[in-house]
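*Asks:* can't give you the sequence, but here's the structure:
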């Protein structure tokens, strides 16, 4: 009979238990390796659902074959029914920006597969402990700038995952703020005033709905001259005002205008009044 020293026995016990710890998976996730047939089906479904993506991939170096080889598929049981949904990501310039790649989630149907998330872009999906309409909530982290990242929470509305909340996070300080806020005018009012604190890394972005032909006036007050704003049109994304402290103009389009306030310094306070007539 061989007797082990106490420390040796503990170490051996830990080694024997290690596989059980490594194999444990977070709640709501299934990690089985998708079959080659399943990968083929999902790849064809993505190309069928997104024509522009398919046409771009066909022109890309390596074409469809390379895109298929580099595709990743991960099984996740998001509604806890024992049948996995599938997170699909493609690499390459057609599916990715400088860093973030498009993310799709599919579920099995009698006819094949249907997408339940197709508007996400980032570095991957985190399954949260909370849920909506029977499906786990999801968080997608994306790289924004060298100083910030973006975190978006998606919730299931009964048919699709929809964006519920998007936050900008300063990587160094951990400070967060909403990626955008909608401006609301009180009943009968044609103007509103907002206040805030901005830096070059964490600007404030406001959405305000207006009609073509209306006149928008924006006036910003701040102790530091570096605090400025820009106004961006709804669909063309043209700058109708840039690097301004005060601006007034007739609006060219109907829709949501973006007003972005930033500054060179950190913690720059401001007050801004927006009127639409």
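*Replies:* Cool, got the structure. Every value quoted in this text rests on a predicted model; they were computed, and no experiment measured them.

*Asks:* just the element for residue 256, please.
*Replies:* strand 255-262 (DSSP states H and E).

*Asks:* show me the contacts for residue 136.
*Replies:* 28, 78, 79, 80, 127, 128, 129, 130 (C-beta atoms under 8 Å, 6 or more residues apart in numbering). No exception for glycine: its C-beta is placed from N, CA and C like everyone else's.

*Asks:* now, which of these sits nearest residue 113?
*Replies:* Within these, the smallest distance to residue 113 is 14.0 Å, found for residue 78 (C-beta to C-beta).

*Asks:* pretty sure that closest one belongs to a strand, no?
*Replies:* No. Judged by DSSP: H, G, I helix; E, B strand; the rest coil, residue 78 forms no part of a strand; its state is coil.

*Asks:* quickly list what residue 196 is bridged to.
*Replies:* residue 270 (DSSP bridges).

*Asks:* and it, what does it touch?
*Replies:* Shown in contact with residue 196 (C-beta under 8 Å, 6+ apart): 204, 261, 269, 270, 272.

*Asks:* for it, give me the pLDDT.
*Replies:* Listed pLDDT for residue 196 reads 94.

*Asks:* how far away is it from residue 250?
*Replies:* Separation of residue 196 from residue 250 (C-beta to C-beta, to the nearest Å): 27 Å.

*Asks:* helices or strands next to the helix or strand residue 105 falls within in the packing?
*Replies:* Residue 105 belongs to strand 101-109 when elements are defined using DSSP H and E. Here strand 101-109 touches helix 36-49, strand 85-89, strand 112-122, going by 3 or more C-beta pairs under 8 Å, 6 or more residues apart in numbering; DSSP states H and E.

*Asks:* nearest residue to residue 249 other than its sequence neighbours?
*Replies:* Using C-beta to C-beta, 6 or more residues apart in numbering and skipping the chain neighbours, the partner closest in space to residue 249 is residue 240 (5.9 Å).

*Asks:* so which bits of the helix or strand where residue 65 lies are buried?
*Replies:* Residue 65 is located in helix 63-70, with elements delineated by DSSP H and E. For helix 63-70, a neighbour-count test (16 or more other C-beta atoms under 10 Å) marks 67, 68 as buried.

*Asks:* which elements pack onto it?
*Replies:* Other elements packing on helix 63-70 under the criterion 3+ C-beta pairs under 8 Å, 6+ apart are helix 36-49, helix 51-59.

*Asks:* nearest to residue 105, out of these?
*Replies:* Nearest to residue 105 among these is helix 36-49; the distance by C-beta to C-beta comes to 10.6 Å.

*Asks:* packing partners of that closest one?
*Replies:* Counting by 3+ C-beta pairs under 8 Å, 6+ apart, helix 36-49 packs on helix 51-59, helix 63-70, strand 72-76, strand 85-89, strand 101-109, strand 112-122.

*Asks:* just the buried positions in the fifth one, please.
*Replies:* So the one you mean is strand 101-109. Buried, per 16+ other C-beta under 10 Å, within strand 101-109: 101, 102, 103, 104, 105, 106, 107.

*Asks:* what residues are bridge-paired with the third one?
*Replies:* Under DSSP bridges, the beta-bridge partners of residue 103 are residue 89, residue 120.

*Asks:* check it and give its pLDDT.
*Replies:* On the pLDDT scale, residue 103 is placed at 95.

*Asks:* and it, how far from residue 119?
*Replies:* Residue 103 is 9 Å from residue 119, where distance means C-beta to C-beta.
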